[in-house]
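Asks: fold the following, please.
(one chain, ligands or ions: 1)
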Amino acid sequence: MNIPFSPPFIDQSVIDQVLETLQNKWITTGPKVKALEEEILKLTDSKAVVCVNSWTSGAILMLKWFGVKEGDEVIIPAYTYCATALSVLHCGAKPVMVDINEEFCIDPEKVRQAITSKTKAIIAVDIAGWPCNYNELNAIIKEKDIADLFEPNSDKQDLLGRIMLISDAAHSIGATYNGNAAAKHSDVAIFSFHAVKNITTAEGGCICLNLPTTFDNDTEYKFLKMYTLNGQNKDALAKSKGGGWRYDILFQGLKINMPDICAAIGLAQIKKYGNELLPQRKEIAQKYCKGFEQMDWFIAPPLYDQGRETCYHLFPLRVKGITEGQRDQIIDDLAQLGVAVNVHFIPMPMLTYFKNLGYKIEDFPIAYEQYACEISLPIYPQLTAVEIQFIIDSVIAMVGIQLYKQNNLIEKATVRKTRVIIPNQIYGYGH
Ligand SMILES: *Cc1c(COP(=O)(O)O)cnc(C)c1O
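Replies: A predicted model of the protein is given here:
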């Protein structure tokens, strides 16, 4: 077997959209980006949607838009991809890391304790597609004591009058919360369309605005579009029209617009998302749950509860009671069998750059605990039933070996033999 971790979904409809874009001879920001924004508006019921060239640049944009700068603080979880913290650092502000809960999400109580008069924003991360507790986070930023602490320092901060809640929704396109799109439950939700995400544009991202009524959505949309284009008052398509050559630069913008050639990929995928791609992911997650339910080491990822449902971006399996070293060994053993898995995430305080900035993993015990026993399994529409079964059997066998060894029931040498026997049974599927 050779099962990759997360190949992009590219069918004939994706190829056709990209070809059409090439044949139309308009490849940078234009009608395909507009069409993708419309689809995301429909999917999320947001007030405005702006496509950009990555999640990271979208986050930098929204922090800058809000006026976040040196001396400010932004609260983030320690357990996320580095981009969450780097977007804050790029604006000159300080990422204040807090620990997560056992659902991988930022702990609202720890957020409350971390708020100071310097706090300008909170970035909650929907790990694996599982929405954070937005009811509680929204309640906290609106509490009188906390709202009174807020010191506005820009036009937008005046308009909002409180801490901005950003959702790092890099994983969570299609997730639901309180019966509608999870993206609606923060001021700003940002999706990633990087190659491994549920919807991809090769590289890309998208900002969903759900600001309070003190903001005019149309004005903010136009302003943000200019911001993605060097602060230029006319985009390339408008300039290309006869007589449309003259333009102006109104402020120091960024250059982070999404090209049409990229949007075409995501546009084809999103048309199939609700009816095909997302239900297929869900089905795989259900097969995994069923496959592992008899194992007393199995800790299932959060998938749904009364108010929310994940979008099955990852299947973050946790193995009760194993060490980080045992987890690493299981991953190596699975690789030997041709199953590529992953870990989401190495907590940022364990990475050199953040260590050097003074963050310590000892301050985030739950993040470490989740990380040490976590293995992300392949989950994507192209997986076949045979592959899914092979993954389940392989994981059960390789975890079994580690737990067997841990219980000291057999000597190391015997384990070697066992490792040969079990994979042989497994190899029956494909060889
Ligand atoms: C992928 C990812 C990002 C970064 O997305 P890019 O589009 O690559 O910038 C940010 N946060 C999380 C949690 C991610 O998984």
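
Asks: shouldn't residue 13 be within a strand?
Replies: No. Using DSSP: H, G, I helix; E, B strand; the rest coil, the assignment for residue 13 is helix, not a strand.

Asks: just checking, it touches residue 271?
Replies: Yes. Contact criterion C-beta atoms under 8 Å: residue 13 and residue 271 qualify, at 7.2 Å. Where C-beta positions appear, they are placed from N, C-alpha and C, glycine not excepted.

Asks: tell me the spacing between residue 291 and residue 368.
Replies: 27 Å (C-beta to C-beta, to the nearest Å).

Asks: could you do residue 175 as well?
Replies: In this structure, residue 175 and residue 368 are 26 Å apart, going by C-beta to C-beta.

Asks: these two: which is more packed in?
Replies: For residue 175 and residue 368, the more surrounded residue by other C-beta atoms under 10 Å is residue 175, and the numbers stand at 26 against 19.

Asks: which bits of the stretch 201-350 of the chain sit near the ligand?
Replies: Residues of the stretch 201-350 of the chain found near the ligand (C-beta under 6 Å from any ligand atom) are residue 205.

Asks: which residue ranges of the stretch 201-350 of the chain form strands?
Replies: Counting by DSSP state E, counting those that start in this stretch, the stretch 201-350 of the chain has strands at residues 205-209, 298-299, 308-309, 315-319.

Asks: may I see the ones you listed arranged in a markdown table, with distance to residue 76, mean neighbour count and mean pLDDT as well?
Replies: Formatted as a markdown table, the strands of the stretch 201-350 of the chain follow (distance: least, C-beta to C-beta, whole Å; neighbours: other C-beta atoms under 10 Å; pLDDT from 0 to 100):
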| stretch | distance to residue 76 | mean neighbour count | mean pLDDT |
| --- | --- | --- | --- |
| strand 205-209 | 17 | 27 | 98 |
| strand 298-299 | 24 | 17 | 98 |
| strand 308-309 | 21 | 22 | 98 |
| strand 315-319 | 19 | 23 | 98 |
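
Asks: got the CA coordinates for stretch 176-192 in PDB?
Replies: Output of stretch 176-192 as PDB, limited to C-alpha atoms (Å, rounded to 0.1, in the frame of the first residue of the first chain):
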ATOM      1  CA  THR A 176     -21.500  24.400  11.900                       C
ATOM      2  CA  TYR A 177     -22.200  26.100  15.200                       C
ATOM      3  CA  ASN A 178     -25.600  26.800  16.800                       C
ATOM      4  CA  GLY A 179     -27.200  25.500  13.600                       C
ATOM      5  CA  ASN A 180     -25.400  27.600  11.100                       C
ATOM      6  CA  ALA A 181     -21.900  28.300   9.700                       C
ATOM      7  CA  ALA A 182     -19.300  28.400  12.400                       C
ATOM      8  CA  ALA A 183     -17.700  31.300  10.500                       C
ATOM      9  CA  LYS A 184     -20.700  33.500  11.500                       C
ATOM     10  CA  HIS A 185     -19.800  33.400  15.200                       C
ATOM     11  CA  SER A 186     -16.700  35.600  15.200                       C
ATOM     12  CA  ASP A 187     -16.100  39.200  13.900                       C
ATOM     13  CA  VAL A 188     -13.700  37.800  11.300                       C
ATOM     14  CA  ALA A 189     -13.200  34.200  10.300                       C
ATOM     15  CA  ILE A 190     -10.300  33.300   8.000                       C
ATOM     16  CA  PHE A 191     -10.200  30.100   5.900                       C
ATOM     17  CA  SER A 192      -7.000  28.700   4.300                       C
END
